[in-house]
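[1] Could you work out the structure for the sequence below:
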Amino acid sequence: MKNLIARLAAGVMLVAVGTAGADGADLYIISPQDGATVSSPVTVRFGLAGMGVAPAGVQKDNTGHHHLIIDAELPDLAKPVPSNENYRHFGGGQTQATIELEPGEHTLQLLLGDALHVPHDPPVVSNKVVITVE
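    Numbers count the residues shown, from 1 in each chain. You can find the predicted model right below:
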């Protein structure tokens with residue numbers, strides 16, 4: 001019983017601090033480029049260097065899966081990424097997404113999450129991209 005409790009406590013600690021991110025990992029949006037004017041639906045292509053992509057639920061060193069943040073700020077980096085219209089999960093290991101956006105200005109940003117959707121420590125995050133949808 002003590003062994004089980006110790007294992008559970010260790011698992012909680014891993015979730016609380018997040019999985020380590022690789023030194024020099026670079027997450028970025030390939031397209032659309034910052035300042036682009038596009039039409040909806042918008043195809044967003046994800047780029048990642050220095051780490052690999054793995055589906056949610058797969059615990060493998062130096063991997064994660066993409067979360068696309070639309071018109072929102074970074075979430076609490078010590079907790080799993082929320083899942084809603086502003087925080088889109090790509091737990092299947094997808095490297096692009098086609099999304100519907102209303103006309104106007106929008107921000108896009110990527111955040112890599114571990115097997116449990118928790119951002120890495122330190123976080124692997126892209127720069128924000130601002131686009132205009134006509």
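
[2] From now on I want contacts and neighbour counts done on CA atoms only, so please keep to that.
    Fine.

[3] need the contact list for L48.
    Residues in contact with L48 (C-alpha atoms under 8 Å, 6 or more residues apart in numbering) are 25-28.

[4] mind running it again at 7 Å?
    Neighbouring residues of L48 by C-alpha atoms under 7 Å, 6 or more residues apart in numbering: 26-28.

[5] hey, where'd the helices end up in the protein?
    Under the criterion DSSP state H, helices of the chain are mapped to 2-17.

[6] biggest strand in it, by residue count?
    Looking across the chain with DSSP state E, the single longest strand is strand 104-113.

[7] Show the average pLDDT along it.
    Throughout strand 104-113, pLDDT has a mean value of 99.

[8] tell me which of the contacts of L48 is nearest to G93?
    G93 lies nearest to L27 out of the contacts of L48, by C-alpha to C-alpha, at 14.1 Å.

[9] That closest one: neighbour count?
    21 (other C-alpha atoms under 10 Å).

[10] One more: the one 10 residues further on?
    T37 sits with 14 neighbouring residues when counted by other C-alpha under 10 Å.

[11] thinking it is in contact with I131, fair?
    Yes: between T37 and I131 there is a contact under C-alpha atoms under 7 Å: 5.9 Å.

[12] any shared contact partners between those two?
    Residues touching both T37 and I131 (C-alpha under 7 Å, 6+ apart): none.

[13] coming back round to it: just the contacts of L48: which are in strands?
    26-28.

[14] Redo these as TSV? Include distance to H106 and pLDDT.
    Formatted as TSV, those follow (distance: C-alpha to C-alpha, whole Å; pLDDT from 0 to 100):
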residue	distance to H106	pLDDT
D26	22	97
L27	19	98
Y28	16	98
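
[15] pLDDT score assigned to the closest residue to G113 other than its chain neighbours?
    Nearest residue to G113, sequence neighbours excluded (C-alpha to C-alpha, 6 or more residues apart in numbering): P119, at 4.3 Å. Note on P119: pLDDT of 97.

[16] Make sure P119 is actually in contact with L110.
    No: counting by C-alpha under 7 Å, P119 does not reach L110; the two are 10.8 Å apart.

[17] Am I right that L68 is in contact with G113?
    No: between L68 and G113 there is no contact under C-alpha under 7 Å: 10.6 Å.
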